[in-house]
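Colleague: When you get a sec, could you give me coordinates for this:
(one chain, ligands or ions: 2)
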Amino acid sequence: MEIQITSLKKVYGKKTALDGITFSVGNGMFGLIGRNGAGKTTLMRILATLSRPSGGQVTFDGIPMEDTKKIRSFIGYLPQEFSLYQDMSVLEIMRYLAALSDIPGKTCRERIPRLLQQVNLWDDRTKKAGKLSGGMKRRLGIAQALLDDPQVLIVDEPTAGLDPEERLRFYTLLDEFSGSRTVVVSSHIMSDIEAVCENVAVLDAGRLLFAGTVGTLAKKAEGKVFELAIPKKEQDAVKRDYHILSSQSCASDVRIRVLADRIPAGCPVSCAPTAWDGYMELLRQLEKGVEN
Ligand SMILES: Nc1ncnc2c1ncn2[C@@H]1O[C@H](COP(=O)(O)OP(=O)(O)OP(=O)(O)O)[C@@H](O)[C@H]1O
Ligand SMILES: [Mg+2]
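Modeller: Numbering: from 1, shown residues only. Ligands and ions are numbered 1, 2, ... in the order given. Below you'll find the predicted structure:
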């Protein structure tokens, strides 16, 4: 499904949370990247028809977002924060929600066990939701969001607080599900997004900084990423002069990866940029723009 977002705007009082953003999302996994307050949740709530924009338009294969009934029939949404019925078991919750969504009994009997197996919760199906770990709760959240077999799935910061293994499991699950469907997932962890999404949008303070492939995002930092080893006592000066991407101590030296417009002094090695580097370069340009 093609989601077309055009000049989308959202204002809360004096705060502009989305400042006229335009991009489109196709089938497969799509990542929404941005710092805290970038507008990711605001955008996702509008896509899920839970919030009305202050201006602009969103269409789903040409269907305008005003047709909420139709759109809700093919959208699944997992919010950033959600609550579960603590005293109900995993299976009871799934059955209850299926009943609320008017999913026929025969479909439920086939779909609920399959979904719980997919999210690896079948063996824990009699466990009360209040007793589940953070990762298990997230997986139950996704099983719920998939109950109605949505064409479009919107998942807001699904891996916050999860360990790396659980994060990987979660993204693999989303990836398996995506196929011919559309999955929009937000995060501020680029490595997670980069591993599963070919296309991304970068938001910052309500503005769209980038929309395109992760490869094109990486290219934003082409020729600007350098690695150099310097004595620890010189690191403060380097950190002042360059934008540091990462630094790692080794004996009396520190190995630093920097973003720089010109080749830094001290025998640097030029590096192939990653999507993370491209993202950091966009933020660096933004800050430079603010300073100038
Ligand atoms: N209901 C609201 N009333 C007023 N301001 C809001 C409301 N919801 C969001 N905002 C503001 O809009 C901006 C965007 O918020 P949003 O929650 O969409 O960001 P986010 O990218 O999801 O951030 P995070 O990574 O922290 O989840 C923020 O400045 C936030 O304070
Ligand atoms: Mg958010």
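
Colleague: Which neighbouring elements make contact with the helix or strand bottoming out on mean pLDDT in the chain?
Modeller: In the chain, the helix or strand scored least confidently by mean pLDDT, DSSP states H and E is helix 235-241, which has a mean of 80. Helices and strands touching helix 235-241, by 3 or more CB pairs under 8 Å, 6 or more residues apart in numbering; DSSP states H and E, are strand 243-250, strand 253-259. Using the backbone N, CA and C atoms, a C-beta is placed for each residue, glycine as well.

Colleague: near ligand 1, which residues of the stretch 101-250 of the chain show up?
Modeller: 157, 188 (CB under 6 Å from any ligand atom).

Colleague: One more pass at 8 Å, please.
Modeller: For the stretch 101-250 of the chain, the residues in contact with ligand 1 (CB under 8 Å from any ligand atom) are 156-157, 186, 188, 203, 205-206.

Colleague: ranking these by neighbours, who comes first?
Modeller: Leu203 (26 neighbours; other CB atoms under 10 Å).

Colleague: residue contacts, that residue?
Modeller: 21, 32-34, 38-40, 43, 209 (CB atoms under 8 Å, 6 or more residues apart in numbering).

Colleague: Repeat that for Leu91.
Modeller: 112, 116, 125-126.

Colleague: again, only using 6 Å
Modeller: Taking CB atoms under 6 Å, 6 or more residues apart in numbering, we find Leu91 in contact with Arg125.

Colleague: That one belongs to a strand?
Modeller: No. Per DSSP: H, G, I helix; E, B strand; the rest coil, Leu91 lies outside any strand segment and is helix.

Colleague: now the contacts of Leu203 in JSON lines, with neighbour count?
Modeller: JSON lines is the format used below for these (neighbours: other CB atoms under 10 Å):
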{"residue": "Ile21", "neighbour count": "21"}
{"residue": "Leu32", "neighbour count": "28"}
{"residue": "Ile33", "neighbour count": "29"}
{"residue": "Gly34", "neighbour count": "24"}
{"residue": "Ala38", "neighbour count": "23"}
{"residue": "Gly39", "neighbour count": "24"}
{"residue": "Lys40", "neighbour count": "25"}
{"residue": "Leu43", "neighbour count": "29"}
{"residue": "Leu209", "neighbour count": "20"}
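
Colleague: Which ones, among the residues you listed, also lie beside ligand 2?
Modeller: Counting by CB under 5 Å from the ion, Lys40 from these sit close to ligand 2.

Colleague: Tell me the one of the contacts of Leu203 nearest Ala221?
Modeller: Leu209 (13.2 Å; CB to CB).

Colleague: Sweet, I'm off.
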